[in-house]
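Chemist: Next come a sequence and a model predicted from it.
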Amino acid sequence: MKHTKLRAAVVTAVLSLAFALVGAPAQAAPKPFWTPDAMRAAVPMDSLVKAPAATPKDVAKGQSQIIRSIPNGGGLWTGGGKVTQTAGRVFFLFNGQKASCSGDAVTSTNGSVVVTAGHCVKYQGTWHTQWTFVPGYNNGNAPYGQWTAKTTLTTPQWEASEDINYDVGMAVVNPLNGQRLTDVVGAQGIAFNQPKNQNMYTFGYPAAAPYDGTKLIYCSGSTFTDFLLTQDHGMQCNMTGGSSGGPWFLSFNEGTGAGVQASVNSFGYNFLPGYMFGPYFGTDAQNLYNRAQAA
C-alpha cells in the first residue's frame, strides 16, 4: 500500500475501514477457537491498519438489481427485529493478532453468505485466519452459534491494491449443527447499482471508545456522496473501530428490523469526525455476491 502524506492525514479509523474475520462413533465436539474471553480480547481492526489506497473515480455501474430477503421460516425473533439476528460481530486473526469487525447475513442461494468490509477478510496481502461470524453477538455470548468461514472473498480491486472504493468482503460460512446460516437467523435483502443520496440505516458493533463492542449500534439519516478521495456513500455517524463491515440498509423498516443492504461501514476521515463512509455496491460488488452465493 502506498502511503502519501495526504492519505496518512486522511485516515482513521473507523477503517472501520474499522477497518476495525458428522459421522461414525460419537466424539467430543472441538472447543471453539473464539471463546468468550478471546472475543472480548479482540481489538478493532482499525487499530491495526494504515492509510488506504484511493482512486478518485466513480465505481462502475451496471443493471439495477435488488434481491429481496427470503422470509424467515420460523427463526427466533427479538424485540429489535430481524437485524438483531442477521447482524453480528466478525472475529479473526490478522497476522496473529485477535481482531474484530462487523457483518451481516444476506439472502443467497446457498444460505451461507455474510457481507462485511474487504479489510475484514484481507489486509496488506494477508488473508485473515480463524474467521468466524457471531450473529446477534452479546458481550461474549453467541446466541445463534459461531459460524466459521468455508471461504472468504473480496473484490478484485481490494485484493490487488486495497482501493477503498471497493472495500467489500464476503464470507461463505460452514453449516452448523446441520443447518445453514440463514435458515437459523434469517436474511436481509441486498441491492446493487442503486441511486445515491438516499436515506439509509447503518449498523455495527463499534469496539473503540466510547463503545466496547458489546452492543449493536445504529445510525440513520440522509446520505451524500464523498467529495474528497472516494465516491463512497457518506453519513453523519459516530460509530468507531470494530463497526467496519456492518450493513447499510435502504428501505429499512424499524418495526421489523428488515431492509435491503447496499453498503458496509468502511472508513472515516480523521479531520472529519462524526462521519462514516461506505462503498457503493456497483457491478464489482454484484459479481462478488454472485461468486459467494455460488461457492
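Modeler: Structure's in. What do you need?

Chemist: from memory residue 81 sits against residue 255, does it?
Modeler: Yes: at 6.9 Å, residue 81 and residue 255 qualify as touching, with contact defined as C-beta atoms under 8 Å. C-beta: built from backbone N, CA, C; applies to glycine.

Chemist: Which of the two has more residues huddled nearby?
Modeler: residue 81 (18 against 6; other C-beta atoms under 10 Å).

Chemist: Burial check on the residue nearest to that one when sequence neighbours are not counted, number of neighbours?
Modeler: Among residues not flanking residue 81 along the chain, residue 257 sits closest, at 2.0 Å (C-beta to C-beta, 6 or more residues apart in numbering). Using other C-beta under 10 Å, residue 257 has 23 neighbouring residues.

Chemist: State the distance from residue 129 to residue 64.
Modeler: 37 Å (C-beta to C-beta, to the nearest Å).

Chemist: show me where pLDDT drops low in the stretch 1-150 of the chain?
Modeler: Along the stretch 1-150 of the chain, the model assigns pLDDT under 70 to residues 1-30, 47-58, 66-79.

Chemist: So which residues of it form strands?
Modeler: 14-17, 43-44, 65-67, 87-94, 97-105, 113-116, 122-123, 126-127, 129-135, 147-154 (DSSP state E, counting those that start in this stretch).

Chemist: now the strands for the stretch 151-295 of the chain?
Modeler: Going by DSSP E, counting those that start in this stretch, the stretch 151-295 of the chain shows strands at 169-173, 189-192, 199-204, 217-222, 224-225, 233-236, 247-253, 258-264, 275-278.

Chemist: okay, these in a markdown table with mean neighbour count and mean pLDDT next?
Modeler: Putting these into a markdown table (neighbours: other C-beta atoms under 10 Å; pLDDT from 0 to 100) gives the following:
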| stretch | mean neighbour count | mean pLDDT |
| --- | --- | --- |
| strand 169-173 | 28 | 98 |
| strand 189-192 | 24 | 98 |
| strand 199-204 | 24 | 93 |
| strand 217-222 | 16 | 90 |
| strand 224-225 | 14 | 96 |
| strand 233-236 | 21 | 94 |
| strand 247-253 | 23 | 95 |
| strand 258-264 | 27 | 98 |
| strand 275-278 | 27 | 96 |
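
Chemist: Of all those, which one is nearest residue 90?
Modeler: strand 169-173 (7.9 Å; C-beta to C-beta).

Chemist: Could you report the neighbour count for the residue nearest to residue 140 when sequence neighbours are not counted?
Modeler: If the residues on either side of it in the chain are set aside, residue 140 comes closest to residue 36, at 3.3 Å by C-beta to C-beta, 6+ apart. By other C-beta under 10 Å, the residues close to residue 36 number 12.

Chemist: contacting residues for residue 295?
Modeler: Neighbouring residues of residue 295 by C-beta atoms under 8 Å, 6 or more residues apart in numbering: 110, 150, 151, 153, 172.

Chemist: you'd agree the last one is up against residue 292?
Modeler: So that's residue 172. Yes: the criterion here is C-beta under 8 Å, and residue 172 meets it with residue 292 at 5.6 Å.

Chemist: quick one: common contacting residues for the two?
Modeler: Contacts common to residue 172 and residue 292, judged by C-beta under 8 Å, 6+ apart, are 113, 153.

Chemist: any idea how far stretch 194-211 is from the chain center?
Modeler: 11 Å (C-alpha atoms, centre = their mean, to the nearest Å).

Chemist: Could I get the phi/psi values of the residue lying closest to residue 180 once chain neighbours are set aside?
Modeler: Distance criterion C-beta to C-beta, 6+ apart; nearest residue to residue 180, sequence neighbours excluded, is residue 111 at 3.6 Å. Backbone torsions of residue 111, given as degrees, to the nearest 10, read phi 70, psi 20.

Chemist: same deal with residue 244?
Modeler: According to degrees, to the nearest 10, residue 244 has phi -50, psi 140.

Chemist: Pull up the per-residue confidence for residue 206.
Modeler: Listed pLDDT for residue 206 reads 90.

Chemist: need the contact list for residue 33.
Modeler: Contacts of residue 33 by C-beta under 8 Å, 6+ apart are 130, 132.

Chemist: in this protein, which helix has the most residues?
Modeler: Longest helix in the chain, counting residues (DSSP state H): helix 283-294.

Chemist: That helix packs against which elements?
Modeler: strand 113-116, strand 147-154, strand 169-173, strand 189-192 (3 or more C-beta pairs under 8 Å, 6 or more residues apart in numbering; DSSP states H and E).
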